[in-house]
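Undergrad: 3D, please:
(one chain, ligands or ions: 1)
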Amino acid sequence: MTIKPAVYCRISDDRIPDDVPDERVEDFIGLGVRRQLEDCLKQVDTRGWGGVVTEHRFIDNDVSAFDRRKKRPEYRRLLRAIRDGSVNAVVCWHVDRLWRQPRELEDFLDLADETGAELDSCYGRYDLSTEDGIFMARLMVSLASKESADKSRRVRRKKTELAEAGKLLAGGTRPFGYESDRKTIRPAEADLVREAARKVLAGVPLSTICREWNDRGVPTATGRFWHATILRKLLNGGRIAAICEHTVYDRQLKKRVLASAVPTKEWPAIIDPRTHRRLRELFSDGARRQWDGQSASKNFLRGYAFCECEARLIARSSSGVRYYRCQRHVNGQPHGCGKTSARADDLEEAVLGQLYTRWSDLGAPGGSQVNVGVEFETLQDAVERAETKRRDWVRMYQADEITHDEFQEGRVAILERVAQAKRALANAEIQTRPTGIDWLALMKLADTASLSDPEQFAEARMLLEGMVKRVMLAVGRGDVVRRVIVEWRQG
Ligand SMILES: [Zn+2]
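TA: Reported below is the predicted structural model:
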């Protein structure tokens, strides 16, 4: 029988020493396989089997033979080659490269029995036609299997322990925003993380940010292009908020699930806990897809536009044209005077005009200060209490406990209380907003006043939230520019 030899090489990540820096891991994997390959080819030569054609050099990089979830494409290709007769002898470096699962060996033994394929390794030959040879192969593989299982269990237990203690795990790829030591912040990347968080919360789609970073030549931590999934993982993950997370593989769900999340002092946070919570909420709600694609709201003045009668203006589209309107009823409840409306484009343009005039007058601030000491919880409580009060008020009216006049009378004060609480909270948020506003982009925006671009929309919206208390639209149907009254925040 003519020998048609093949070599099989594999390196699993457990063979990479801990002191290899992350950026060199790939070299190391390549190197490890190269060494195995050289040894194997030498062994083929020693056996006098001649050369091994390139297509019969089977190499799986960084794939564990123990972990059943990981596929070994080259190993599968090798089995096919043996089955179709193009290969009838396999040389590996050590049998633990070929199998770490006894069951896989048994499958191979069946195949060898059918085809008469030979097995050789740089550590000795296995004559699979004899009981002794089969016994040795089984012994070696079961030892490798036990070693892997022990190591896997050890690693898993250690990881869980460390994660629950909020400790830094060794190894793994460099997290974006940090140096390879996983503790030192890489300032340029940290700025990008904050910028992304700010934009996402302002409604910029993830894909827009990714596109911009790719255009600017900003690579991921592993040197790849950004896409929405990677960015969401980064912003949704606890890492950037100094939260130590531990995930476990859930066999039923067939995916990794969060097992523990512990705040840690092992490495510094890039974003504050509150921003992180908001990102979490954003990504966890059902509208998640919205953030990957289209901008959340097209209404630039959402939440800020009021009628002269103090009722909030409602944004509505009719025949493709957007309007801000004072409606007499909202969801069946009495709302406003119903006497004013404006085309959204006109009103937004008028406000933008004033916004930029005001902004130029003030001069571009040098960036706001990060102030994490603000008592968010208290402010949030105030908003919640005011909202509860408002809901109670509406309920009393619905239950006929108060008359319509009484309802209207108390309503203004209650709404003002809600608005005040919300403004205080918004103010506090603005104070903690990280620096890094793209003032150049804002200048450009001032020229073009284009809100159709999601990013410019978000930047302008930030400016609006930072500078404007509210926008009042006077009753009537005349020129919008003359009917707009912008109430500015103080300072
Ligand atoms: Zn009104």
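Undergrad: So which residues on the protein come close to the ion?
TA: Proximity of the chain to the ion (C-beta under 5 Å from the ion) is limited to residues 307, 309, 311, 326, 336, 337. In this view, the C-beta of every residue, glycine as well, is placed from N, C-alpha and C.
Undergrad: Next, the contact list for residue 324, please.
TA: Going by C-beta atoms under 8 Å, 6 or more residues apart in numbering, residue 324 touches 299, 301, 305, 313, 314, 315, 341, 342, 344, 347, 473.
Undergrad: Could I get the residues of the chain next to the ion in JSON lines, plus columns for pLDDT, neighbour count and distance to residue 42?
TA: Shown next, in JSON lines, are the residues of the chain next to the ion (pLDDT from 0 to 100; neighbours: other C-beta atoms under 10 Å; distance: C-beta to C-beta, whole Å):
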{"residue": "307", "pLDDT": "89", "neighbour count": "24", "distance to residue 42": "86"}
{"residue": "309", "pLDDT": "85", "neighbour count": "15", "distance to residue 42": "90"}
{"residue": "311", "pLDDT": "88", "neighbour count": "22", "distance to residue 42": "85"}
{"residue": "326", "pLDDT": "91", "neighbour count": "24", "distance to residue 42": "86"}
{"residue": "336", "pLDDT": "88", "neighbour count": "21", "distance to residue 42": "87"}
{"residue": "337", "pLDDT": "89", "neighbour count": "14", "distance to residue 42": "91"}
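Undergrad: So which of those are in strands?
TA: residue 307 (DSSP state E).
Undergrad: Closest to residue 379 out of the residues of the chain next to the ion?
TA: Looking at the residues of the chain next to the ion and their distance to residue 379, the nearest is residue 311, at 24.6 Å (C-beta to C-beta).
Undergrad: Relative to residue 471, how far out is that closest one?
TA: When distances are taken as C-beta to C-beta, to the nearest Å, residue 311 and residue 471 turn out to be 13 Å apart.
Undergrad: Which residue, other than its chain neighbours, is closest to residue 234?
TA: Taking C-beta to C-beta, 6 or more residues apart in numbering, and ignoring the residues beside it in sequence, residue 234 has residue 176 as its nearest neighbour in space, at 5.7 Å.
Undergrad: and that neighbour, how many residues sit next to it?
TA: Counted with other C-beta atoms under 10 Å, the neighbours of residue 176 add up to 25.
Undergrad: Same question for residue 1.
TA: Burial measure for residue 1: 7 neighbouring residues, criterion other C-beta under 10 Å.
Undergrad: Quick one: residues contacting it.
TA: Going by C-beta under 8 Å, 6+ apart, the list of residues near residue 1 reads 88, 116.
Undergrad: from now on call the first residue 720
TA: All right, first residue 720 from here; so that's residue 720.
Undergrad: Check the gap between it and the ion for me.
TA: The span separating residue 720 from the ion equals 95 Å under the rule C-beta to the ion, to the nearest Å.
Undergrad: What pLDDT is listed against that residue?
TA: Residue 720 carries a pLDDT value of 70.
Undergrad: related to what we said a few turns ago, could you look up the SS state of the residue nearest to residue 953?
TA: coil (DSSP: H, G, I helix; E, B strand; the rest coil).
Undergrad: ok, it to residue 910 distance?
TA: Taken as C-beta to C-beta, the span from residue 895 to residue 910 is 12 Å.
Undergrad: Break the chain down into its structural domains.
TA: The domain map for the chain lists 724-880, 906-1011, 1016-1087+1152-1210, 1090-1151, with the assignment taken from automatic domain parsing.
Undergrad: can you give me the strands in the stretch 870-1019 of the chain?
TA: Along the stretch 870-1019 of the chain, counting by DSSP state E, counting those that start in this stretch, strands occupy 962-969, 974-982.
Undergrad: again with the stretch 720-869 of the chain
TA: Using DSSP E, counting those that start in this stretch, the strands of the stretch 720-869 of the chain run over residues 724-730, 776-780, 808-811, 837-840, 843-845.
Undergrad: can you tell me the residue of the stretch 1070-1210 of the chain closest to the ion?
TA: Using C-beta to the ion, residue 1194 is the residue of the stretch 1070-1210 of the chain that sits closest to the ion, at 6.5 Å.
Undergrad: For burial, what's the neighbour tally of that residue?
TA: Residues contacting residue 1194 under the criterion other C-beta under 10 Å number 15.
Undergrad: correct me, but it touches residue 1057?
TA: No - the pair residue 1194 and residue 1057 fails to qualify as a contact (C-beta atoms under 8 Å) at a distance of 9.8 Å.
Undergrad: what residues are shared contacts of the two?
TA: With contacts taken as C-beta under 8 Å, 6+ apart, the residues that reach both residue 1194 and residue 1057 are residue 1045.
Undergrad: what sits against residue 1033?
TA: Taking C-beta under 8 Å, 6+ apart as the contact definition, residue 1033 lies against 1043, 1044, 1045, 1046, 1049, 1054.
Undergrad: Please repeat the previous calculation with a cut-off of 7 Å.
TA: With contacts defined as C-beta atoms under 7 Å, 6 or more residues apart in numbering, the neighbours of residue 1033 are 1044, 1046, 1049.
Undergrad: if we can go back for a sec, contacts only, for the residue nearest to residue 953.
TA: For residue 895, the contacting residues are 908, 912, 939, 940, 953, taking C-beta under 7 Å, 6+ apart as the criterion.
Undergrad: Filter those down to the buried ones.
TA: Among the contacts of residue 895, those that count as buried by neighbour count (16 or more other C-beta atoms under 10 Å) are 908, 912, 939, 940, 953.
Undergrad: next one: the host helix or strand of residue 1128 to chain centre, how far?
TA: In this structure, residue 1128 is located in helix 1123-1151 according to DSSP states H and E. Relative to the chain's own centre, helix 1123-1151 is displaced by 34 Å; criterion: C-alpha atoms, centre = their mean, to the nearest Å.
Undergrad: now swap in stretch 846-865 and tell me
TA: Centre-to-centre, stretch 846-865 and its host chain are 46 Å apart (C-alpha atoms, centre = their mean).
Undergrad: With adjacent residues omitted, what lies nearest to residue 945?
TA: residue 929 (3.9 Å).
Undergrad: Also residue 958?
TA: What sits nearest to residue 958 in space, not counting adjacent residues and going by C-beta to C-beta, 6+ apart, is residue 894, at 5.1 Å.
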